[in-house]
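Chemist: Got a sequence here, can you build the structure:
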Amino acid sequence: MTTMTFFTTPMARQFVGFDTLFDELNALAERKESNYPAYNIAKDDDEHYRIELALAGFSSDEISIQTEKGI
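Modeler: Here you go, the predicted structure:
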């Protein structure tokens, strides 16, 4: 029979169960947010804004723009 001893130092005993917490935090840090398509919102003046989209590979007839409630 093999006897195994874990957490022999008092400091190590304080962190029992934190490995899953650190795994969760690490997964959040590594998660990549989608930023497709790339865009810019430019302010022309106090009342006018311009939205610029990087839509490489699309022709103008493949793109449609819709507004809701005048926006």
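Chemist: just for this structure, where's the confidence low?
Modeler: The model of the chain has pLDDT under 70 over residues 1-13, 15, 34.
Chemist: Tell me the first helix or strand C-terminal of the longest helix along the chain.
Modeler: Longest helix in the chain, counting residues (DSSP state H): helix 18-30. Counting by DSSP states H and E, the next helix or strand C-terminal to helix 18-30 is strand 39-43.
Chemist: Contacts for that following strand, please.
Modeler: Applying CB atoms under 8 Å, 6 or more residues apart in numbering, the set of residues contacting strand 39-43 from outside is 49, 50, 51, 52, 53, 54. Where C-beta positions appear, they are placed from N, C-alpha and C, glycine not excepted.
Chemist: what do you get if the cut-off is 6 Å, keeping everything else the same?
Modeler: Residues outside strand 39-43 that contact it (CB atoms under 6 Å, 6 or more residues apart in numbering): 49, 50, 51, 52, 53.
Chemist: What of stretch 16-25?
Modeler: Contacts to stretch 16-25, defined as CB under 6 Å, 6+ apart, come from no residue at all.
Chemist: thinking again about what came up before, can you check the contacts of strand 39-43 and name whichever has the most neighbours?
Modeler: residue 53 (12 neighbours; other CB atoms under 10 Å).
Chemist: So what pairs up with that residue in the strands?
Modeler: Judged by DSSP bridges, the bridge partners of residue 53 are residue 39.
Chemist: Might one say that it is in contact with residue 37?
Modeler: Yes - the pair residue 53 and residue 37 passes the contact test of CB atoms under 6 Å, sitting 5.1 Å apart.
Chemist: Tell me the secondary structure at residue 61.
Modeler: At residue 61 the chain is in helix, as set by DSSP: H, G, I helix; E, B strand; the rest coil.
Chemist: now the one 4 residues further on
Modeler: For residue 65, the secondary structure call by three-state DSSP comes out as coil.
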